[in-house]
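Visitor: need a 3D model of the sequence below.
(2 chains)
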Amino acid sequence: GNSVTQMEGPVTLSEEAFLTINCTYTATGYPSLFWYVQYPGEGLQLLLKATKADDKGSNKGFEATYRKETTSFHLEKGSVQVSDSAVYFCALSDRRNTGFQKLVFGTGTRLLVSP
Amino acid sequence: DAMVIQNPRYQVTQFGKPVTLSCSQTLNHNVMYWYQQKSSQAPKLLFHYYDKDFNNEADTPDNFQSRRPNTSFCFLDIRSPGLGDAAMYLCATSRDHTGVLNQPQHFGDGTRLSIL
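Guide: Next up is the predicted model:
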């Protein structure tokens, strides 16, 4: 079945450092790819998405490019802030025969940014 | 303003004692989802409602049930909670059934369930 693999955390960085969180996927067909973020004590929020190969999703300084050849969707940010500390989930959409698209999540990567 | 509201944020119940978790939404979305998220694991879809149509995931235990009395509310019932059911339960909504692409899922803040 379809699956998502993320790098294990926590990822610990100093403020203004460059961030990369790796995500690779296994899927049949052409899924859409997503990054969700979960801040402490809150629910998941959609951070960015890409719907086809070579698409780049971006939001709040974060970006990720849908790489079909390497089946990857790595999350990057040029300069992290303390407020970016959260858990980041990579996910793909898994289309069912009914048309319903189920989200398949990775296990999440915790990011800790220190001043 | 919170758009997907889950109550309570923390719930403690006894082994085998039925428990109900609540979710409400102000978005008027057609689809409501329940996920289970255990510590350091990915959220796992339990079931979803498209309007009044209930859709169970194949591997969701019979112990888990759901009710959706109207568009705004959806409940998760655990009939006889076991220790392995301790987890964060997340409710989410989306406008329609056929497109995660342009219709993102909106999540509540979750209910953390503990079993004594």
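Visitor: got the CA positions of the helix or strand of chain A with the lowest mean pLDDT in PDB?
Guide: Lowest on mean pLDDT, DSSP states H and E among the helices and strands of chain A sits strand A:101-105, with a mean of 83. This file holds the C-alpha atoms of strand A:101-105, laid out as PDB (Å, rounded to 0.1, in the frame of the first residue of the first chain):
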ATOM      1  CA  GLN A 101      -9.000  10.700  -1.200                       C
ATOM      2  CA  LYS A 102      -7.600   9.400   2.000                       C
ATOM      3  CA  LEU A 103      -4.700  11.100   3.700                       C
ATOM      4  CA  VAL A 104      -1.700   8.800   4.600                       C
ATOM      5  CA  PHE A 105       0.600  10.500   7.100                       C
END
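Visitor: pLDDT below threshold where in chain A?
Guide: A:95-101 (pLDDT under 70).
Visitor: can you give me the strands in chain A?
Guide: A:3-6, A:11-14, A:19-21, A:23-26, A:33-38, A:44-50, A:56-59, A:62-65, A:75-77, A:86-95, A:101-105, A:109-114 (DSSP state E).
Visitor: run a quick neighbour tally on the nearest residue to residue B:42 once chain neighbours are set aside.
Guide: Counting by Cβ to Cβ, 6 or more residues apart in numbering or on different chains, residue B:42 lies nearest to residue A:105, which is 3.8 Å off, once chain neighbours are set aside. To be clear about C-beta, it is placed using only N, CA and C from the backbone, and glycine gets the same treatment. Using other Cβ atoms under 10 Å in any protein chain shown, residue A:105 has 22 neighbouring residues.
Visitor: next, the contact list for residue 9, please.
Guide: As the question left the chain open, I've gone with chain A. Contact analysis of residue A:9 by Cβ atoms under 8 Å, 6 or more residues apart in numbering or on different chains lists A:87, A:108, A:109, A:110, A:111.
Visitor: sorry, I should have been clearer: chain B.
Guide: B:109, B:110, B:111, B:112.
Visitor: switch to 7 Å and redo it
Guide: B:109, B:111, B:112 (Cβ atoms under 7 Å, 6 or more residues apart in numbering or on different chains).
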